[in-house]
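In: Here you go, sequence then predicted model.
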Amino acid sequence: MPISVKTVSEFVFGVPWAKVFRKVPNTPRGHRLHPSKTPKNDSRSNFRVDMGSEVNGKFEIVIQANKNAENRSVRDAANKNSHAILAKVVVDPKENPTGEGVAESILDAFKGKGDGEDKK
């Protein structure tokens with residue numbers, strides 16, 4: 001069963017984007033931005049926000065599934081490929097420090113819509 005839009009939506013709209021954006025400029029590619037890595041967080045949140053590449057002074061934000069997710073569809077997807085990118089957007093924390101519109105952009109990217117830019 002594929003990962004539902006509702007499951008992704010619950011995660012991305014619960015992320016404290018302003019707090020995450022403060023970490024972005026100093027976080028190396030491939031490292032976790034949210035939530036902190038603990039078995040409890042990984043299970044409860046189902047997903048993680050990882051740092052992608054820097055692109056022309058902006059930064060990629062990547063959503064990936066956690067292997068020990070509570071949600072079975074998410075867990076199955078992660079066990080197939082825990083590094084699969086479910087959604088990716090390019091953000092500019094200087095222009096949008098609060099992360100306004102990022103959850104919507106990530107959800108659009110997950111659905112296969114959107115241009116991968118935050119909606120600010």
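Out: The structure has been received and is ready for your questions.

In: can you pull the alpha-carbon coordinates of the worst-scoring helix or strand of the chain on mean pLDDT into CSV?
Out: Lowest on mean pLDDT, DSSP states H and E among the helices and strands of the chain sits helix 39-45, with a mean of 93. Output of helix 39-45 as CSV, limited to C-alpha atoms (Å, rounded to 0.1, in the frame of the first residue of the first chain):
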residue,chain,number,x,y,z
PRO,A,39,13.8,5.4,18.2
LYS,A,40,10.8,7.1,19.8
ASN,A,41,10.9,10.1,17.5
ASP,A,42,11.5,8.0,14.4
SER,A,43,8.6,5.7,15.2
ARG,A,44,6.1,8.5,16.2
SER,A,45,7.0,10.9,13.4
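
In: what's that helix in contact with?
Out: Helix 39-45 is contacted from outside by F11, G14, P35, R48, N66, K67, N68, A69, E70, using C-beta atoms under 8 Å, 6 or more residues apart in numbering. (Each C-beta comes from the backbone N, C-alpha and C, glycine too.)

In: give the contact list for the residue nearest the centre of the chain.
Out: Computing the C-alpha centroid of the chain and ranking residues by C-alpha atoms, centre = their mean puts I63 first, at 3.0 Å. I63 makes contacts with 8, 11-12, 47-50, 85-88, 106, 110, as judged by C-beta under 8 Å, 6+ apart.
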